[in-house]
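Student: requesting a structural model of the entry that follows:
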Amino acid sequence: MDELYASRGNLTAVWEYIGEGWSGEYNPDDPEDTELLRFSVYLGTEAEVDAGDCEQMDDASYCTQMPVDTDKQILRRALELILDAAEEPSPKRALEELSWMKPEDFKPGGVISR
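Tutor: This next block holds a predicted model:
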């Protein structure tokens with residue numbers, strides 16, 4: 001999966017795959033394992049993130065329960081929630097809680113189905 005970005009002001013949230021699975025590093029020999037996405041929030045614009053000209057926000061990078069093949073529309077909605085959380089006065093806990101999100105949360109009846 002290519003990285004997926006959303007920016008708001010001087011914050012950029014990014015979905016990326018860095019080789020993680022259910023128990024740490026993804027194990028392709030384990031049929032129970034899944035390639036999982038990580039989100040990170042950076043202090044900078046999308047262009048600055050691409051160029052490596054910004055820093056990552058403290059305590060703002062978490063592996064999630066979002067498989068790499070998650071629908072991009074769901075991932076875009078999730079990025080908006082990540083940016084909302086990053087804008088809170090004390091964002092660590094809100095961002096940490098978002099590490100538990102999974103695609104089913106965004107479907108009708110899910111906890112984030114708005």
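
Student: quick one, what contacts the nearest residue to I82 once chain neighbours are set aside?
Tutor: Once flanking residues are discounted, I82 sits nearest to A13: 4.3 Å by Cβ to Cβ, 6 or more residues apart in numbering. From N, CA and C alone the C-beta is placed, and that goes for glycine too. Residues near A13 by Cβ atoms under 8 Å, 6 or more residues apart in numbering: Y5, A6, S7, F39, S40, V41, Y42, L79, I82, L83, A86.

Student: state which strand of the chain is the longest.
Tutor: The residue-count maximum for a strand in the chain (DSSP state E) belongs to strand 55-67.

Student: same for that strand, what does it pack against?
Tutor: Strand 55-67 sits against strand 11-21, strand 36-43, helix 72-86, helix 92-98, with contacts defined as 3 or more Cβ pairs under 8 Å, 6 or more residues apart in numbering; DSSP states H and E.

Student: now the ones you listed as TSV including distance to A51?
Tutor: Conversion of those to TSV gives the following (distance: least, Cβ to Cβ, whole Å):
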stretch	distance to A51
strand 11-21	12
strand 36-43	11
helix 72-86	20
helix 92-98	24
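
Student: ok, how many other residues are close to D50?
Tutor: D50 is surrounded by 14 other residues when neighbours are defined as other Cβ atoms under 10 Å.

Student: ditto for Y42
Tutor: 24.

Student: report pLDDT for the closest residue to D30 other than its chain neighbours.
Tutor: Of all residues beyond its chain neighbours, the one nearest D30 is G21 (7.6 Å), with distances taken as Cβ to Cβ, 6+ apart. The predicted local distance difference test score for G21 is 96.

Student: quick one: G21 and L36 touch, right?
Tutor: Yes. At 6.0 Å, G21 counts as touching L36 under the criterion of Cβ atoms under 8 Å.

Student: higher neighbour count, those two?
Tutor: Comparing G21 with L36 by other Cβ under 10 Å, the one with more neighbours is L36, at 20 against 17.

Student: no more questions from me, cheers.
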